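*Asks:* Model the following, please.
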Amino acid sequence: MEKTLIILKPDALKRGIVGEILTRFEKAGLKIVAMKMLEPDYEHYYEHYENIGEMISRRGQEAFDVTLEFMQDGPVIAAVLEGIEAVALVRKMVGTTEPKAALPGTIRGDYAHMSFDYANGIGVGIPNLIHASGDPKEAKKEISHWFAENEQYEYKTVHDVYTQAEKRKKK
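*Replies:* I've put the predicted structure just below:
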């Protein structure tokens, strides 16, 4: 099974929709194998957004600075989700980074609407509720940055059989 990282950002916590967001992943058959609430410092976010995500080279220093300021506006919830092609599934469920362009039915499409132009115009990080790993390689790096091995758990759920096609024992 593949694992991916999600981070429920300060705006998701402050709006009180963490449970709704997590429920969507569970209903889709993804298993939460690690989760914690924390308030990382600048260095932790720098490692995540620049050393792993290379945000400065992709989007520029200004986008990086407003993102880190936004992320430090309160606690976040980091979680590791596990499932078949979990990275791609989570990305599809989350929607595009810019809420304005996110399709209805996605997390960002249903719960956010701000555009990059508007956020840039007022100099704020875009409140888009959630971070999701971009690809499997990035997911592995992000997970090891946010969670130690002993903070991740293995257990069985009904999804192991019904959405992940685990073979059932014959009677």
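
*Asks:* What lies in contact with stretch 134-150?
*Replies:* Outside stretch 134-150, the residues that touch it by CB atoms under 8 Å, 6 or more residues apart in numbering are 2-5, 7, 34, 36, 44, 47-48, 52-53, 78, 80, 86-87, 91, 133, 152. From N, CA and C alone the C-beta is placed, and that goes for glycine too.

*Asks:* For the chain, which residues score under the pLDDT cut-off?
*Replies:* Within the chain, the segments meeting pLDDT under 70 span 166-171.

*Asks:* Can you give me every residue that contacts the residue minimising distance to the centre of it?
*Replies:* Geometric centre of the chain, nearest residue: I6, 2.3 Å, by CA atoms, centre = their mean. Shown in contact with I6 (CB under 8 Å, 6+ apart): 25, 78-79, 81, 90, 94, 130-133.

*Asks:* May I ask which two of those residues are separated the most?
*Replies:* Using CB to CB, the two most remote members of these are A78 and V94, lying 14.7 Å apart.

*Asks:* burial of T23, as a residue count?
*Replies:* By the measure other CB atoms under 10 Å, the count of residues near T23 is 11.

*Asks:* any idea which helix or strand carries it?
*Replies:* According to DSSP states H and E, T23 maps onto helix 18-27.

*Asks:* buried ones in that helix?
*Replies:* Residues of helix 18-27 classed as buried by neighbour count (16 or more other CB atoms under 10 Å): 18, 21-22, 24-25.

*Asks:* and if you look at stretch 42-58?
*Replies:* 45-50, 52-53, 55.

*Asks:* Using JSON lines, please lay out these together with secondary structure.
*Replies:* Converted to JSON lines, the buried residues of stretch 42-58 look like this (DSSP: H, G, I helix; E, B strand; the rest coil):
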{"residue": "Y45", "secondary structure": "helix"}
{"residue": "Y46", "secondary structure": "helix"}
{"residue": "E47", "secondary structure": "helix"}
{"residue": "H48", "secondary structure": "helix"}
{"residue": "Y49", "secondary structure": "helix"}
{"residue": "E50", "secondary structure": "helix"}
{"residue": "I52", "secondary structure": "helix"}
{"residue": "G53", "secondary structure": "coil"}
{"residue": "M55", "secondary structure": "helix"}
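
*Asks:* That'll do, ta.
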